[in-house]
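A.B. asks: Give me the fold of what follows.
(2 chains)
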There are 2 protein chains.
Amino acid sequence: MKQRVITAVVALLIFIPVLVAGGMWIDWLAAFVAAVGISEVFLMKKQILVSVDFTLAALATLTWTVPNSFFGFLPKNWSKWGVFYALVMILLTWTVLSKNKTTFDDIGVYVLSSLYIGTGFHYLAAIRNSDPVYGLWRLLFAFVIVWTTDTAAYMVGRKFGKHKLWPVISPSKTWEGSIGAVIIAVIVTAIYVNLAPVGGDKTSLIIASFFLSIAGQMGDLVESAYKRFYGVKDSGKILPGHGGILDRFDSTLFVLPIVALIFGI
Amino acid sequence: MKQRVITAVVALLIFIPVLVAGGMWIDWLAAFVAAVGISEVFLMKKQILVSVDFTLAALATLTWTVPNSFFGFLPKNWSKWGVFYALVMILLTWTVLSKNKTTFDDIGVYVLSSLYIGTGFHYLAAIRNSDPVYGLWRLLFAFVIVWTTDTAAYMVGRKFGKHKLWPVISPSKTWEGSIGAVIIAVIVTAIYVNLAPVGGDKTSLIIASFFLSIAGQMGDLVESAYKRFYGVKDSGKILPGHGGILDRFDSTLFVLPIVALIFGI
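C.D. replies: All right, here's what the predicted structure looks like:
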């Protein structure tokens, strides 16, 4: 417990100033957490990081994460998407050159993970940098929903939980916790959008919080599903007492792209 | 052999008029072969087609295949890429809802296949429709290289082949066949670009044919690698005597995107 608190304090001491500063600081943070995220997928699959596989998968992930302006140097009929596609084709070629030591299935996992992790963390920076004033409050809008949902699900579930939500994937979650979390998340969001300068229509944002709270819980279950599939308890160990980056950002990876869509980013 | 010839004649009788007609005819052909292509991946994985998995994977594939103009109806901050990403997130959600009967690894294969097959066949139609006159000849430029490379590799290999190219993946290919195929492909391309109205710089296209012939052979080996991984001989049975769509278009899927890039499509 003490370790858990120390980790949280240290992480927030780094995280909060970077959120406030925005710009290249949060671009670098997003790239860092995305790179750690993809490395956790490799660790879950028990594959080594000093490899052609990991180098290509990390590049594919970062292709999605870095700001769009990063690709300004490309010739006109190229795009971020073209770079990603080229990396996928190189990965496919690698199945041949590695003599099927890296298989089609492996490449599938890398491509899926790089999309999911890379795009999720892209929006961490893109939402913050979408506007000098609103950006920070829009990003906190996402975190308010995720954190409220997580905490409320745990607390309501502990107090009133009777009916298991999805025991084959995540045995301790309950329907009471899940529904309670959505209700509390909507209430807290209603308060938040009336206090913070987020821009946009308040009613729409409160309605959106209902779906975002569900999406956040889905992100949590998806991560539980693949951890169960790979037979691991935590995705990594970078945050002592909290597990890995993917453990901590599972809901966020689902919520951030939707928040970006809502604000037209 | 008789069956093989009949299939080829029937296929060309459909294929050639569609290539010449272009427009929506080739758009539909591309969508059809892409849908068959992704179904072959499911058959190789021994998974059924009447399923949520296949429906989503087919939609993801077609998202890449259909012409870009198809997405004109989308709101302004959406894109083809956004639709694909949404389908990927729904597929991930499906791992939870199916209680891990569909796993993270399965979704990886679907996402990779939809990118690889969907984008490859997209360019079949996009190259043809890039220009009313040049389009057809640019598409044939790709096919001339693929067909010359395939045929020459087989014939040179049979006559002069001594050193195995990549026996763990494809036991009958030889270095002599592979190198001979590249040389003959460059010569035939040099003749082709001097006769056909392809547009663009002839010298660059002849130089490109060298790399395209190698890329085509790589596409062939990639398909051999995943067929070997799944333990199947043919990807499908739609073309009696020739195997499946992926068997016939393996090189093409690698070559077409590069040809599109060369012509700035």
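A.B. asks: Other residues contacting stretch A:246-257?
C.D. replies: Applying CB atoms under 8 Å, 6 or more residues apart in numbering or on different chains, the contact partners of stretch A:246-257 are A:33, A:37, A:40-41, A:116-117, A:119-121, A:123-124, A:127, A:142-143, A:145-146, A:149-150, A:212, A:215-220, A:222-223, A:234-236, A:239, A:242, B:85, B:89. From N, CA and C alone the C-beta is placed, and that goes for glycine too.
A.B. asks: Likewise for stretch A:75-87?
C.D. replies: Stretch A:75-87 is contacted by residues A:56, A:59-60, A:63-64, A:68, A:71, A:74, A:114, B:81, B:115, B:119, B:257, B:261, B:264-265 when judged by CB under 8 Å, 6+ apart.
A.B. asks: chain center to that stretch, what's the gap?
C.D. replies: Counting by CA atoms, centre = their mean, to the nearest Å, stretch A:75-87 is centred 24 Å from the centre of its parent chain.
A.B. asks: How about the residues of the stretch 101-250 of chain A by chain B?
C.D. replies: Neighbours of chain B within the stretch 101-250 of chain A, by CB under 8 Å from any CB of the partner chain: A:103-105, A:107-113, A:115-116, A:119, A:166, A:168-169, A:218, A:221-222, A:224-226, A:228-230.
A.B. asks: how does it look with 7 Å?
C.D. replies: A:103-105, A:107-109, A:111-112, A:115-116, A:119, A:166, A:168-169, A:218, A:221-222, A:225-226, A:228-229 (CB under 7 Å from any CB of the partner chain).
A.B. asks: Restricted to strands, list these.
C.D. replies: Mapping those onto strands (DSSP state E) picks out A:Trp166.
A.B. asks: Please check the residues of the stretch 101-250 of chain A next to chain B and keep the buried ones.
C.D. replies: Buried by 16 or more other CB atoms under 10 Å in any protein chain shown: A:103-105, A:107-109, A:111-112, A:115-116, A:119, A:166, A:169, A:218, A:221-222, A:225-226, A:228-229, out of these.
A.B. asks: Residue of the stretch 51-200 of chain A nearest chain B, please.
C.D. replies: Nearest residue of the stretch 51-200 of chain A to chain B, counting by CB to the nearest CB: A:Gly108, 3.0 Å away.
A.B. asks: do the same with the stretch 151-265 of chain A
C.D. replies: Counting by CB to the nearest CB, the stretch 151-265 of chain A gets nearest chain B through A:Tyr226, at 3.9 Å.
A.B. asks: What is the biggest helix by length in chain A packed up against?
C.D. replies: If you go by DSSP state H, chain A has its longest helix at helix A:202-230. The helices and strands touching helix A:202-230, judged by 3 or more CB pairs under 7 Å, 6 or more residues apart in numbering or on different chains; DSSP states H and E, are helix A:134-160, helix A:175-195, helix A:245-262, helix B:80-97, helix B:104-128.
A.B. asks: can you give me the angle it makes with helix B:104-128?
C.D. replies: With axes from the mean of the first three to the mean of the last three CA atoms, to 10 degrees defining the directions, helix A:202-230 sits at 120 degrees from helix B:104-128.
A.B. asks: Report the angle between helix A:202-230 and helix A:134-160.
C.D. replies: Computed by the same axes, to 10 degrees, the angle between helix A:202-230 and helix A:134-160 is 60 degrees.
A.B. asks: What is the neighbour count of A:Gly22?
C.D. replies: Neighbourhood size, A:Gly22 [other CB atoms under 10 Å in any protein chain shown]: 19.
A.B. asks: so who does the nearest residue in space to it that is not next to it in sequence touch?
C.D. replies: Nearest residue to A:Gly22, sequence neighbours excluded (CB to CB, 6 or more residues apart in numbering or on different chains): A:Arg128, at 4.8 Å. With contacts defined as CB atoms under 7 Å, 6 or more residues apart in numbering or on different chains, A:Arg128 is in contact with A:19, A:22, A:26, A:135-136, A:139.
A.B. asks: Mind putting those into JSON lines with distance to B:Leu195 and pLDDT?
C.D. replies: Listed next are those as JSON lines, based on distance: CB to CB, whole Å; pLDDT from 0 to 100:
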{"residue": "A:Leu19", "distance to B:Leu195": "62", "pLDDT": "94"}
{"residue": "A:Gly22", "distance to B:Leu195": "58", "pLDDT": "95"}
{"residue": "A:Ile26", "distance to B:Leu195": "56", "pLDDT": "97"}
{"residue": "A:Gly135", "distance to B:Leu195": "58", "pLDDT": "96"}
{"residue": "A:Leu136", "distance to B:Leu195": "62", "pLDDT": "96"}
{"residue": "A:Leu139", "distance to B:Leu195": "59", "pLDDT": "97"}
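A.B. asks: Of the contacts of stretch A:75-87, which is the nearest to B:Lys173?
C.D. replies: Comparing these against B:Lys173 with CB to CB picks out B:Pro257 as the nearest, at 23.1 Å.
A.B. asks: Within the helices and strands, which one has A:Trp78?
C.D. replies: Counting by DSSP states H and E, no helix or strand carries A:Trp78.
A.B. asks: burial count for it?
C.D. replies: Counted with other CB under 10 Å, A:Trp78 comes out at 14.
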